[in-house]
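Visitor: have a look at this prediction, sequence included:
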Amino acid sequence: MKQLRNNVIRAGLGALYFSGAHHLLRPLLSGVGAIFMLHHVRPAREAAFQPNRHLEVTPDFLRATICHLRASDIDIVSMDELHERLVQGRFARRFAAFTLDDGYRDNLDHALPVLREFDAAATVYVASDFAEGIGRLWWAALEAVIAKSEQIEVRIGESALRLDATTPAAKQAAFDRLHDWLRALPGENDLAREIGALCARHDIDMEALCRRLCLTWDEVRTLAADPLITIGAHTISHCNLARQSETVAAQEMAISRARIEEALQRPVLHFAYPYGDREAAGMREFTLAAAAGFKTAVTTRPGMLFAENAGHMTALPRVSLNGNYQDERVLPVLTSGAATAMWNGFRRFAAA
């Protein structure tokens, strides 16, 4: 099903490009700017089974994106400047910001060198447990479990399932089934219990996986020392905030921010909601982020920026640089606003 969705999206992007419709729609839909969302930036992997491929782009694709923005006379700005331009209504030139979620080591090793080539700013949102080396990257752990296995046994509700994982296609189907089940569990404790049991049965060390993939505090400090980089907060544990009590959700924001500020000895003014879709961030979370004093907070809801976003600084949409669509022809479609508008039923602006 997810492969079908990817194929439909790819076909839609291609249709917008080859028809030239994105040129016609740009004046109506491109808005004043965009916030680009990334996670991993690293060289392409060769494995046939890569269910989290959507979360990574190559350094070359990041480079191509920056080149496209510069050729289109779109300014690349920090989140501080993006906030300032929205608040002040400075829209003489379109602008874009790069954001990278979670705090992966490849942001330092592979993204930063590309950003330096072009003197381009970016914001990296760090989940503080990830920097501590104790985080639960359950989606990566699930990939590791299935990658090494030919069969997965799991109990879902009252049913004991035995999932085939002998081929890349079977592995993908098993991943999709288990990923959707884990995301739908009612609480973080339920998720921790089930992914922990899977990892224990298949000898996957989640903390070792976290330490291998994520920046340490020393590396966060190294990254933050570069004037191009802003460090933002991304909660303590990368939990779904909408499923937490208001008290816990507020603590996830405030404590993660305090830990990062202590590590960096500087204010942390920008926030990203984990998962960031409508099931993970809504009006309550937007209000909590504003009350916590964040200047901006970003979702994963697709959309360009318009003047109206100035009134909703803790509900900002983003444009995903998705690893499944690393084709330079996608870039003018993305910056035209046509792709996100199509996704949103051609509503230009939707804050809540």
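Guide: That came through fine. Numbering: from 1, shown residues only.

Visitor: just the helices in the stretch 201-350 of the chain please.
Guide: For the stretch 201-350 of the chain, the helices defined by DSSP state H, counting those that start in this stretch occupy 206-213, 217-224, 246-264, 283-291, 330-336, 338-343.

Visitor: pick out the shakiest of the ones you listed, pLDDT-wise.
Guide: Note on the helices of the stretch 201-350 of the chain: lowest mean pLDDT is at helix 338-343, with a mean of 79.

Visitor: remind me what that helix packs against, helices and strands.
Guide: When contacts are defined as 3 or more CB pairs under 8 Å, 6 or more residues apart in numbering; DSSP states H and E, helix 338-343 packs onto helix 2-19, helix 21-29, strand 296-302, strand 316-320, helix 330-336. To be clear about C-beta, it is placed using only N, CA and C from the backbone, and glycine gets the same treatment.

Visitor: lowest mean pLDDT across these, which one is that?
Guide: Per-segment mean pLDDT for the helices and strands packed on helix 338-343 reaches its minimum on helix 2-19, at a mean of 60.

Visitor: tell me the domain ranges of the protein?
Guide: Following automatic domain parsing, the chain resolves into domains at 2-135+217-343, 138-207.

Visitor: got those domains as JSON lines, with mean neighbour count columns?
Guide: As requested, the domains of the chain are exported to JSON lines (neighbours: other CB atoms under 10 Å):
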{"stretch": "domain 2-135+217-343", "mean neighbour count": "19"}
{"stretch": "domain 138-207", "mean neighbour count": "16"}
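
Visitor: re earlier: need the helices of the stretch 201-350 of the chain in CSV (columns: distance to residue 171).
Guide: Output for the helices of the stretch 201-350 of the chain, formatted as CSV (distance: least, CB to CB, whole Å):
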stretch, distance to residue 171
helix 206-213, 18
helix 217-224, 31
helix 246-264, 32
helix 283-291, 34
helix 330-336, 27
helix 338-343, 28
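
Visitor: out of these, nearest to residue 85?
Guide: helix 330-336 (16.6 Å; CB to CB).

Visitor: send me the closest one as CSV with only the CA atoms.
Guide: What follows is helix 330-336, C-alpha atoms only, in CSV (Å, rounded to 0.1, in the frame of the first residue of the first chain):
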residue,chain,number,x,y,z
VAL,A,330,11.0,17.6,-8.5
LEU,A,331,12.6,20.8,-7.1
PRO,A,332,10.9,23.4,-9.3
VAL,A,333,7.6,21.6,-8.6
LEU,A,334,8.2,21.8,-4.8
THR,A,335,9.2,25.5,-4.8
SER,A,336,6.2,26.4,-7.0
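
Visitor: ok, and what's touching it?
Guide: Residues outside helix 330-336 that contact it (CB atoms under 8 Å, 6 or more residues apart in numbering): 13, 16-17, 22-23, 25-26, 29-30, 34, 64-65, 68-69, 72, 74, 96, 319, 339-340.

Visitor: roughly how far is that helix from the heart of the chain?
Guide: 18 Å (CA atoms, centre = their mean, to the nearest Å).

Visitor: of the helices of the stretch 201-350 of the chain, which is nearest residue 142?
Guide: Of those, nearest to residue 142 by CB to CB is helix 206-213, at 10.2 Å.

Visitor: start and end of stretch 306-313, how far apart?
Guide: 11 Å (CA to CA, to the nearest Å).

Visitor: ok so, going back, quick one: closest of the helices of the stretch 201-350 of the chain to residue 119.
Guide: The nearest among the helices of the stretch 201-350 of the chain, by CB to CB, is helix 217-224 at 16.1 Å.

Visitor: for the closest one, which outside residues touch it?
Guide: 103, 105, 107-108, 112, 124, 126, 131-132, 215, 229, 231, 260, 263-264, 266.

Visitor: fine by me, we can end here.
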